[in-house]
Structure formats: structure tokens, C-alpha cells
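Peer 1: Turn this into a model:
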Amino acid sequence: MVLGHVTATAVAPRSPAAAALPAPGSACRLCRPMRLGFDAKRVFHNATGLGNYSRDVLRILQARHPEHEYLAYTPRPGRLAPLVGSSLCVKGPRSPLARALPSLWRQAGVVADLRRDGVALYHGLSNELPTGIERAGIATVVTIHDLIFERHPELYAPIDRRIYRMKFRSAAARARRVVAISEQTAADLVELYGVERARIRVVYQVCHPAFRASPDDALAAALRERLALPPSFVLSVGTLERRKNLLLVLQALRGLDGVHLVAVGRPTAYARELDAFVAAHGLGARVRFLRGLSMPELAALYRMATVLVYPSLFEGFGIPILEALAVGTPVVTTRGGCFAEAGGPGSAYVDPRDPDELRAVLAALLADPARRAEMAARGREHAARFRDEAIADELFRVYDQALKA
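Peer 2: Okay, here's the model as predicted:
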């Protein structure tokens, strides 16, 4: 069953910059049009993290190389819209049995559909590959985002750890090439799962186009009025869960008189601890929790913020860091792990267990506009490394290697 087909009204000619891939006649397998398949469940059913990554990958690949066909396989249609302005064929289960058991189809049955559709390469965008695909003559790539459940098992239920370990380890072992979204994840794959470093390629993430667009002053003014935002505030973005460590910011805020915090993210059970801390220490007038913003609204909020604080204990990459740098907002984040890869040399780094250090760093930055301007300039320069075209070219190099393997 074909769930839908979205076709652009006009397809731009291939950019001269697409010469990053070898010219036709060379050993490049992708220099002729091919059918490329993708695990698209997260595209249509996940509004944040893995969903944003999956949508961004499909968006930048099609923009960079429209000559290929992009087939997105999803077990069922979702509420999230397909990629606007793209040429994308969305595929779902075809047989009555597959439609009745969509999860089983995604885990194994999709392989027969991939073969019937003539897919040359399949990319598992979110840590998984279907069983048996390695025997189907289809080149395979899987993106492993992180092994947080291995590094911080206390944050996950035992059954979830077992399921993730089985899926991630299997996919990494069977894929011809593994994409890691940071050097930290690549190192974890080698150390914890014994994946050969030669099969791993580090390809960073991109951020939504809203963070590269020109500022929308009217949108920002309307947002500030609607949300009654203070003239100056510290921003934090991320799911309100223990790993994101927002309590550290609240602890630091206690000694920063007059400083406001705006925290954007979906709440979990951890949010109750945050609410209790805010109430116990009289911070209610200076802390705002928000959720449900559109990407343009979120980009406007980043631009209004004085500083972004991203105090997470561990990440695969940390996309809010890149989003802030792209719009020119200085960043304070965590020392160690992948954070320096995302934040670059212009960001400030603190111990995620030390609220006193965070308080001191924030106090110094909030009192020093010149330092913030310098950080913003260096941040924009670092963020330029993660532009769509560069990341798309890196992914196509990985695909070419997988097709040749």
C-alpha cells in the first residue's frame, strides 16, 4: 500500500556544489539515479529528537541530490506532515497481514518490500535495521545516536536497556557502515560493542532551517507579548528529564538575583522535582516552563535569550547547542563527552554537578556584553561547519562506501 506521494512543483537543477561526489564514469555508485530507502517511522511519529534528525536527513539529501528516488517506509501514517517541497514516496505495509502487524513488518517484513521496490541502499535513521536485510543484497547504513543507556543505566528501566542493547548491537554489527553523530558515540561503539572503527563514520547533525533564517522581528515581538517574557532571560531547551539536569540551573539561579530562566521542553516525572524546588526556594516569579512552540517560534526565543544553558549529563550530540550558536546566542554547557564537538571553542563549559561553578560563569557572562558578543561571533563561525550541504555530502560519501562494501 502506498500511503502517499509528495512531489515538488519544481525540482531545482543539480547544484554545481554537488561535484563533491565523483563525476559520472568514476567509481562512484551514486553518480547514477538510484532508489534509496529509509526507516521513516520517526519522521511521522516523533516531534522532537529522532524525528527531527530523520526529517532533516531526508530534507537535505533531496535538496542536494534530487536525481535519486527517496522511499520512506513507515508502519502507519502519522500526524506529522511529510517534507514540504520535496519529492518523496511514502511506503507502508502492503499485505493484510503486514497491515495487521505493522511493528513486525517494520522489524522484518519490510525487507521483501525493499527488494520488490528495487531499493539499492537502506538507511536505518534511528538505531535499527530490519532482520535479514543483510542477506537481501541491499546495502545498509544505520545511524546510532548514542549509547546513553549503557553509560547511565540508572536512568533506564532494565527491560528498556535490554531491548535497546539487542537492537543497537545487532544493527551496528550487521550494517555495512555505521553513522555516529559524534566522536563520543563512535568511541562508545568501539569500546562497548566492539564495532570496527573502519566501519564507523562520524557525520554530525544539522539544525532546522528556522535557525538559519533571517530574524522575524514581528514574530519575536508577538511571541514576547503573548508569553509575557522578561526583557532578559537565560534559556534552557530540552525534555524535562533527569539526564538533562535542569535542576543544576535552578540551583545556580538561587544566587543570581533578578535573573530569569525560561525552560522549553516536554515534562516527565522529573518535572515534579523541578516544580518542588522552584516552590521551596521562592523562584516562581523568575522561572517559566514552556512547551509546544513551533520551530520559528523556538528560533525567535533563542534569539531573544541572553545565554543558552545546556547542562545535560550525557548526549549523543546536543542539538540545542548548535541551534543556539546558529542564531548567535552564547552557550554554557557541560564539560566532557560530546559537548565540545557541538559547542566548539567559543562556548563555556562547566561541571554538570557543580551549581556554584555554573552560577559564577553565568554571573560573569551576564555582566559582560563584550564577552557575550565574542562568544556569539565564534559560535556562528563554528556552526557554519554544520551546514546542510556539508552534512549531505558526508552522508552520500557514506552511502557510496556502503554500496561498494
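
Peer 1: domains of this structure?
Peer 2: Per the record's domain assignment (automatic domain parsing), the chain is made up of the domains 2-206+387-404, 209-386.

Peer 1: now these in JSON lines, with mean pLDDT?
Peer 2: Shown next, in JSON lines, are the domains of the chain (pLDDT from 0 to 100):
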{"stretch": "domain 2-206+387-404", "mean pLDDT": "87"}
{"stretch": "domain 209-386", "mean pLDDT": "96"}
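
Peer 1: now those as a markdown table including mean neighbour count?
Peer 2: Bear in mind the C-beta positions are built from the backbone N, C-alpha and C, glycine included. Compiled in a markdown table, the domains of the chain are given as follows (neighbours: other C-beta atoms under 10 Å):
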| stretch | mean neighbour count |
| --- | --- |
| domain 2-206+387-404 | 18 |
| domain 209-386 | 18 |
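
Peer 1: List the contacts of residue 378.
Peer 2: 344-346 (C-beta atoms under 8 Å, 6 or more residues apart in numbering).

Peer 1: what do you get for residue 303?
Peer 2: Neighbour list for residue 303: 215, 220, 327-329 [criterion: C-beta under 8 Å, 6+ apart].

Peer 1: Out of those, flag the one nearest to residue 101.
Peer 2: Here the nearest of these to residue 101, counting by C-beta to C-beta, is residue 327; it sits at 44.1 Å.

Peer 1: quick one, what contacts the closest one?
Peer 2: 211, 215, 299, 302-303.

Peer 1: What sits closest to the residue nearest in space to the middle of the chain if chain neighbours are left out?
Peer 2: The centroid of the chain falls nearest to residue 53 when counting by C-alpha atoms, centre = their mean (4.2 Å). In this structure, residue 53 finds its nearest non-sequential neighbour in residue 205, 6.1 Å apart by C-beta to C-beta, 6 or more residues apart in numbering.

Peer 1: One more: residue 64?
Peer 2: Spatially, and ignoring its direct neighbours in sequence, residue 64 is nearest to residue 392 (3.9 Å; C-beta to C-beta, 6+ apart).

Peer 1: Mind telling me what element the one you found is part of?
Peer 2: Element membership for residue 392, per DSSP states H and E: helix 388-404.

Peer 1: Now do that helix: distance to the chain's middle.
Peer 2: 18 Å (C-alpha atoms, centre = their mean, to the nearest Å).

Peer 1: helices or strands next to it in the packing?
Peer 2: On a contact count with 3 or more C-beta pairs under 8 Å, 6 or more residues apart in numbering; DSSP states H and E, helix 388-404 meets helix 49-64, strand 121-124, strand 139-144, strand 177-180, strand 200-202.

Peer 1: looking at the ones you listed, which is closest to residue 32?
Peer 2: strand 121-124 (12.8 Å).

Peer 1: CA atoms only for that closest one, dumped as CSV, please.
Peer 2: Provided in CSV are the C-alpha atoms of strand 121-124 (Å, rounded to 0.1, in the frame of the first residue of the first chain):
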residue,chain,number,x,y,z
LEU,A,121,20.5,1.1,-0.2
TYR,A,122,18.6,1.3,3.1
HIS,A,123,19.4,3.7,5.9
GLY,A,124,18.1,3.0,9.4
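
Peer 1: and it, what does it pack onto?
Peer 2: strand 35-39, strand 139-144, helix 388-404.

Peer 1: Quick one: closest of the ones you listed to residue 29.
Peer 2: helix 388-404 (4.0 Å).

Peer 1: Okay, angle between the closest one and helix 49-64 too, please.
Peer 2: With axes from the mean of the first three to the mean of the last three C-alpha atoms, to 10 degrees applied, the angle from helix 388-404 to helix 49-64 works out at 90 degrees.

Peer 1: who's in contact with helix 388-404?
Peer 2: 15, 17, 20-21, 27-30, 36, 57, 59-61, 63-65, 120-121, 123, 139-141, 175-177, 179, 201, 203-206.

Peer 1: picking up where we left off before, can you tell me which of the helices and strands packed on helix 388-404 is nearest to residue 257?
Peer 2: helix 49-64 (34.7 Å).

Peer 1: list the helices and strands the closest one packs on?
Peer 2: Using 3+ C-beta pairs under 8 Å, 6+ apart: helix 49-64 touches strand 35-39, helix 41-45, strand 69-73, helix 388-404.

Peer 1: if you set the cut-off to 6 Å instead, what comes out?
Peer 2: helix 41-45, helix 388-404 (3 or more C-beta pairs under 6 Å, 6 or more residues apart in numbering; DSSP states H and E).

Peer 1: What ranges does the stretch 201-350 of the chain have for its helices?
Peer 2: Remark: helices assigned in the stretch 201-350 of the chain by DSSP state H, counting those that start in this stretch are 217-227, 246-253, 270-280, 295-304, 319-327, 339-343.

Peer 1: Convert the C-alpha atoms of stretch 295-304 to CSV, please.
Peer 2: C-alpha atoms of stretch 295-304 as CSV (Å, rounded to 0.1, in the frame of the first residue of the first chain):
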residue,chain,number,x,y,z
MET,A,295,10.3,25.9,15.1
PRO,A,296,10.1,29.5,14.0
GLU,A,297,8.9,30.5,17.5
LEU,A,298,11.7,28.5,19.1
ALA,A,299,14.3,30.1,16.9
ALA,A,300,12.9,33.6,17.9
LEU,A,301,13.1,32.6,21.5
TYR,A,302,16.8,31.6,21.1
ARG,A,303,17.5,35.0,19.6
MET,A,304,15.8,36.8,22.4
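
Peer 1: just how off-centre is that stretch within its chain?
Peer 2: On C-alpha atoms, centre = their mean, the centre of stretch 295-304 falls 17 Å from the chain's centre.

Peer 1: contact partners of the helix or strand residue 185 falls within?
Peer 2: Taking DSSP H and E as the definition, one finds residue 185 inside helix 183-193. Contacts with helix 183-193, where a contact means C-beta atoms under 6 Å, 6 or more residues apart in numbering, come from 144, 146-147, 150, 169, 172, 180, 195, 197, 200, 202, 316, 337-338.

Peer 1: what do you get if the cut-off is 8 Å, keeping everything else the same?
Peer 2: Under C-beta under 8 Å, 6+ apart, the answer for helix 183-193 is 144-147, 150-151, 168-169, 172-173, 178, 180, 195-197, 200, 202, 316-317, 337-338, 341.

Peer 1: can you give me the offset of it from its chain's centre?
Peer 2: 18 Å.

Peer 1: now that helix and strand 139-144, what's the angle there?
Peer 2: Using the same axes, to 10 degrees: helix 183-193 against strand 139-144 is 100 degrees.
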